[in-house]
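Asker: Pasted the sequence and its predicted model underneath.
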Amino acid sequence: MTYFYLRYKWGAGHDVDQMQAELSERFNVGRRDLPGNDIEVSLFKDDRVELIITADRMRVHANAHRAILSQIEEGPFTKYDMDLRGFILETYPRSRPTPFPWSFSYEPEFQTEG
């Protein structure tokens, strides 16, 4: 079983530094700063910082507008994994990248312990 799920936030993105501080209290959080510069003109400039959040069997790659949930180890998800999933689904409430009706992301089936 492979779990891979995309979630989005439209409009103003999240403050990644604030999110890192909040998540570091509960999860293992790494950070990846992608290259850029102060004078570039890019629609995705705010998405150059990525957090890598790891629970037991779930890992999330999150930037200001998108979160990618994936399974890193076979087996049912734990309560700890479900806590991370719940946070991400609240924080990134959309299943598609734009308000236009295309590019939907559907959550695959998964199992939980207990």
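Answerer: Done, it's in.

Asker: Just want the most central residue of this structure.
Answerer: Here the mean C-alpha position of the chain is nearest to the C-alpha of Ala67 (Cα atoms, centre = their mean), at a distance of 2.4 Å.

Asker: Let me see the backbone angles for it.
Answerer: Here is the backbone geometry of Ala67 (degrees, to the nearest 10): phi -130, psi 140.

Asker: Next one: it from Glu113, what distance?
Answerer: As judged by Cβ to Cβ, to the nearest Å, Ala67 and Glu113 stand 23 Å apart. Heads up, the C-betas are built off the backbone N, CA and C, glycines and all.

Asker: Tell me where the chain has strands.
Answerer: If you assign secondary structure with DSSP state E, the strands in the chain sit at 4-8, 28-33, 49-54, 58-62, 66-71.

Asker: Of all these, which one comes closest to Tyr106?
Answerer: Of all the strands of the chain, it is strand 4-8 that lies closest to Tyr106, at 8.0 Å by Cβ to Cβ.

Asker: outside of the longest helix seen in the chain, which residues touch it?
Answerer: The residue-count maximum for a helix in the chain (DSSP state H) belongs to helix 79-91. Outside of helix 79-91, the residues within contact range by Cβ atoms under 8 Å, 6 or more residues apart in numbering are 7, 9, 14, 19, 23, 26-27, 53, 55-58, 60, 62, 67, 69, 77, 112-114.

Asker: Going through those, which ones are buried?
Answerer: Under a neighbour-count criterion of 16 or more other Cβ atoms under 10 Å, the subset of these counted as buried comprises 7, 9, 14, 19, 23, 27, 53, 55-58, 60, 62, 67, 69, 77.

Asker: related to what we said a few turns ago, quick one: the residue nearest to the centre of the chain and Arg94 touch, right?
Answerer: No - shown here, Ala67 and Arg94 do not form a contact pair, counting by Cβ atoms under 8 Å, at 10.3 Å.
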